[in-house]
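K.L.:
model this:
(2 chains)
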Amino acid sequence: MALLIKEARLIDPSRGVDAINDILIKGEKISEVGPDLLPAGGVDVIDCTGKIVCPGLIDMHTHLREPGREDKETIATGMMAAAAGGFTTIACMPNTSPVNDTASVTEYILGRAKVIDTVRVLPVGSITKGLRGESLSEIGELKAAGAAALSDDGMPVMNADLMRNALDYAGMFDLLIISHCEDKKLAGDGVMNEGRMSTRLGLSGIPSAAEEIMVAREICLARLTKRSVHIAHVSTAGSVRLIRQAKAEGLPVTAEVTPHHLCLTEEAVAGFDPNTKVNPPLRTKADQEALIEGLQDGTIDVIASDHAPHTLVEKELEYDYAPFGIIGMETSLPLILTRLYHKGILNISQIIEKMSCNPARILKIDPARLAPGDVADITVIDPEKEKIVDVSAFRSKARNCPFHGWPLKGYPSLTIYHGKITFNELK
Amino acid sequence: MMTASQSDRLNKKDLLGIEDLSKEEIELILNNADAFKEVLTRDIKKVPTLRGKTVINLFLEPSTRTRTSFEIAEKRLSADTINISAQGSSLVKGETLKDMAKNLEAMNPDIIVIRHSASGSPHMLARLCRFSVINAGDGAHEHPTQALLDMLTIREKRGGLSGLKIAIVGDILHSRVARSNIFGLTRMGANVRVIGPPTLIPPFVEDLGVEVYHDLKEGVRGMDIIMMLRIQKERENRSLFPTIREYARFFCLTKERVALAKDDCLIMHPGPINRGVEIDPEVADGPYSVILNQVTNGVAIRMAVLYLLSGEKG
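P.N.:
Below you'll find the predicted structure:
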């Protein structure tokens, strides 16, 4: 099995590459990169003229729901959605049922992923048993089973002493802690951003401070322990400022932002569409501008989807009763290309850094590169392709996406995982 | 009963909130309510306006006053009315609001009046179904017919709304009555202020065009109208204030405090009243209290709204 990618614009920011070249893939690996490679017998030639070829994209924040909530998503459907979104690696959060707080759950996820084998799945173990915030999970066992990071995503560890121990203890195993920053008491029964819109709509608000207090705490703990902490889905201007200061101080703090926080504001809640209900909530225009500045100046390292599938029935409830979450893997790249690339906010190299190189560096996995000898995890992007978002065409089981009907420009057209085509919309 | 320049129906399928109404639409409703008030003084208080129309009162949160007022309004317009309350409804059997709405729709009602504890529920119903939806109170969002009957009451007593100084006092944060009145009164040109402890004032409320006061005595000074809101005992548990007793000490509308307002200041309250908590009995029953006029006007306003929405789906 061999593939020859012809005439593509190769962009590999990790090595400063940006040139028209061909890539020959043999088996799982890249065998040759260079101009005018000739197809030998038995090689499938893929003409990528006008396309961008980059290291496989990584989504370091997803929810696959299996085990336990296969009605929302399965590992299989989540992996298909990932491939269709241009991703070759995804990390999945531990709030499954049972929680991924033991080696056996991690092994189960990896086992299912191996069977389907269309994208690399990195299970994130829980910091605390059952996400209860009371005592540490068996972190060493999780690491040995293949957990790639730790997080109590959605159920933040409110006990600072426990979080300090988690950082120190996980540091021994070189496991990254990903923190969903939210003071649950201050967030209260909020269902949207606290501000002008919540006042107008009579919905309970979640103040920015609920996030910022915890971002500040994690920064203090990173300073105390000298351990790395990654701040998930940053949503407020205040958080961006805190992280910028922490980085200026040289603390090992990294951060991610979601496409939906970059593309929507609290104004989107006006029609009470439960698909706009997400945690952290959609914030204000000023927050959005700060997030974009954070991406531009490197304060925010990563773009990750926080793909959070729910059933149609759950999202058809009253706004107060519907669960939080937006799916994102299949709209992530097109939203980012439309919102950031075509508007001249980030160039294509910066986008690839934030969606591939930086997640690899932060998760300490082998960087996806486009060099001979490397595993062939490759995304081909058609930056000019225009298509209207149609949730009924998603590979994901879920439909909870507020972007249905949006015209977007720039889509993945081919995804190659370990030398194998997992998604192909090249015409 | 109409002036020639006005259209005789609201150009809307639903009444979801005052925020969506123009000044002209509010005036149209108030003018129609004036006409229906005349009907209510007759010996036979029934007109055939909605004969053959079906109205369902879907009350998923307890209510006596508003539900009764709607039902009387519907019956006086000769509509066929059905009441559904939370107890005994299929919602307790696990049916979703969407399924319930679709089932009701299958029986072809003309109008559904909905009261629900979750903000935005009437909007969901309106989006999903063909029938007209009247919001009878959704969460802390809006209670449009309450604001309309308040505006009708003020207009009757003062001849208009523009330029009046109006204070709304109490739990603004959780009050749909406050929101609807803020939207309506500011649109009609009144000067509106809200008064309450900072814990019960929603953020950025100034952006809705109102001033904020935390001192009741200072706040009521020179007011034409004082609108009191019911304070709920549950708020004490969330420590939004220490005790009802302390709340009453600082925010109960007493005779002494009313004396700081204009001499003929009207006292309003959407009910039900907590006597001695947010309003002193002497004030509630005093000469300038229009609390019972509000209740009477509620029927006329609801008749007007039902009438104005009933012609839209030809």
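
K.L.:
what's the closest non-adjacent residue to residue A:145?
P.N.:
For residue A:145, ignoring the flanking residues on the chain, the nearest one in space by CB to CB, 6 or more residues apart in numbering or on different chains is residue A:103 at 3.6 Å. Heads up, the C-betas are built off the backbone N, CA and C, glycines and all.

K.L.:
Go through stretch A:78-98 and flag the buried ones.
P.N.:
Neighbour-count burial for stretch A:78-98, counted by 16 or more other CB atoms under 10 Å in any protein chain shown, picks out A:78-96.

K.L.:
Filter the residues you listed down to the ones in helices?
P.N.:
Under the assignment DSSP state H, the buried residues of stretch A:78-98 contribute A:78-84 to helices.

K.L.:
Residue numbers of the stretch 101-250 of chain A in contact with chain B?
P.N.:
The stretch 101-250 of chain A has residues A:194-196, A:198-205, A:207 near chain B, with proximity defined as CB under 8 Å from any CB of the partner chain.

K.L.:
In contact with the spatially most central residue of chain A, which residues?
P.N.:
Centrality entry for chain A: nearest residue to the mean C-alpha point is residue A:304, 2.5 Å, by CA atoms, centre = their mean. For residue A:304, the contacting residues are A:59-62, A:232-233, A:256-258, A:359, taking CB atoms under 8 Å, 6 or more residues apart in numbering or on different chains as the criterion.

K.L.:
just curious, which of these is nearest to residue B:117?
P.N.:
Distance to residue B:117, by CB to CB, is smallest for residue A:233 among those, at 29.3 Å.

K.L.:
which SS state does that closest one fall under?
P.N.:
Per DSSP: H, G, I helix; E, B strand; the rest coil, the secondary structure class of residue A:233 is coil.

K.L.:
Unless I misread the structure, residue A:398 falls within a strand.
P.N.:
No - the secondary structure assignment for residue A:398 gives coil rather than a strand, going by three-state DSSP.

K.L.:
Now render the contacts of residue A:304 as CSV, adding secondary structure.
P.N.:
Written out in CSV, the entries for these read as follows (three-state DSSP):
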residue, secondary structure
A:59, strand
A:60, strand
A:61, strand
A:62, strand
A:232, coil
A:233, coil
A:256, strand
A:257, strand
A:258, coil
A:359, helix
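
K.L.:
In ChimeraX, how would I select the buried members of those residues?
P.N.:
Taking 16+ other CB under 10 Å as the burial criterion, the selection of buried members of the contacts of residue A:304 in ChimeraX is written as:
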select /A:59,60,61,62,232,233,256,257,258,359
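
K.L.:
how about the contacts of residue A:304, which pair is most distant?
P.N.:
Across the contacts of residue A:304, no pair lies farther apart than A:62 and A:257, at 14.9 Å, counting by CB to CB.

K.L.:
Which of the helices or strands spans residue A:100?
P.N.:
Counting by DSSP states H and E, no helix or strand carries residue A:100.

K.L.:
Nearest residue to it in space, please, no chain neighbours.
P.N.:
Setting aside the residues directly before and after it, residue A:100 is nearest to residue A:94 in space (CB to CB, 6+ apart), at 3.5 Å.

K.L.:
thought that neighbour was touching residue A:101?
P.N.:
Yes - between residue A:94 and residue A:101 there is a contact under CB atoms under 8 Å: 6.6 Å.

K.L.:
Overlap in contacts, these two.
P.N.:
Residues touching both residue A:94 and residue A:101 (CB under 8 Å, 6+ apart): A:125-126, A:131.

K.L.:
Give the full set of residues in contact with residue A:213.
P.N.:
Contact partners of residue A:213, counting by CB under 8 Å, 6+ apart, are A:181, A:183, A:186.

K.L.:
Surely it is within a helix?
P.N.:
Yes - judged by three-state DSSP, residue A:213 forms part of a helix.

K.L.:
per-residue pLDDT, it?
P.N.:
Confidence at residue A:213, expressed as pLDDT, is 98.

K.L.:
any idea how far it is from residue B:179?
P.N.:
When distance is defined by CB to CB, to the nearest Å, residue A:213 is 29 Å away from residue B:179.

K.L.:
Quick check, pLDDT for the residue of the stretch 1-150 of chain A found nearest chain B.
P.N.:
Closest approach between the stretch 1-150 of chain A and chain B, counting by CB to the nearest CB: residue A:71, at 15.4 Å. Note for residue A:71: predicted pLDDT of 97.

K.L.:
what about the residue nearest to it when sequence neighbours are not counted, how many neighbours?
P.N.:
The spatial neighbour of residue A:71 that comes closest, neighbours along the chain excluded (CB to CB, 6+ apart), is residue A:311 at 5.5 Å. Under the neighbour criterion other CB atoms under 10 Å in any protein chain shown, residue A:311 is assigned a count of 17.

K.L.:
residues contacting residue A:311?
P.N.:
Residue A:311 makes contact with A:71-72, A:398 under the criterion CB under 8 Å, 6+ apart.

K.L.:
can I assume residue A:315 is in contact with residue A:274?
P.N.:
Yes - counting by CB under 8 Å, a contact exists between residue A:315 and residue A:274, whose distance comes to 4.9 Å.

K.L.:
about what we covered before: next, format the ones in helices among the buried residues of stretch A:78-98 as CSV and append pLDDT.
P.N.:
Compiled in CSV, those are given as follows (pLDDT from 0 to 100):
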residue, pLDDT
A:78, 98
A:79, 98
A:80, 98
A:81, 98
A:82, 98
A:83, 98
A:84, 98
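
K.L.:
Using CSV, please lay out the residues you listed together with distance to residue A:163.
P.N.:
As requested, those are exported to CSV (distance: CB to CB, whole Å):
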residue, distance to residue A:163
A:78, 28
A:79, 31
A:80, 35
A:81, 32
A:82, 30
A:83, 35
A:84, 36
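
K.L.:
buried ones in the helix or strand encompassing residue A:295?
P.N.:
When secondary structure is defined using DSSP H and E, the element that contains residue A:295 is helix A:285-296. For helix A:285-296, the neighbour count (16+ other CB under 10 Å) marks A:287-288, A:290-295 as buried.

K.L.:
Reformat those as TSV; add distance to residue A:44.
P.N.:
As requested, the buried residues of helix A:285-296 are exported to TSV (distance: CB to CB, whole Å):
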residue	distance to residue A:44
A:287	46
A:288	43
A:290	46
A:291	41
A:292	40
A:293	44
A:294	41
A:295	37
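
K.L.:
Done for today, thanks.
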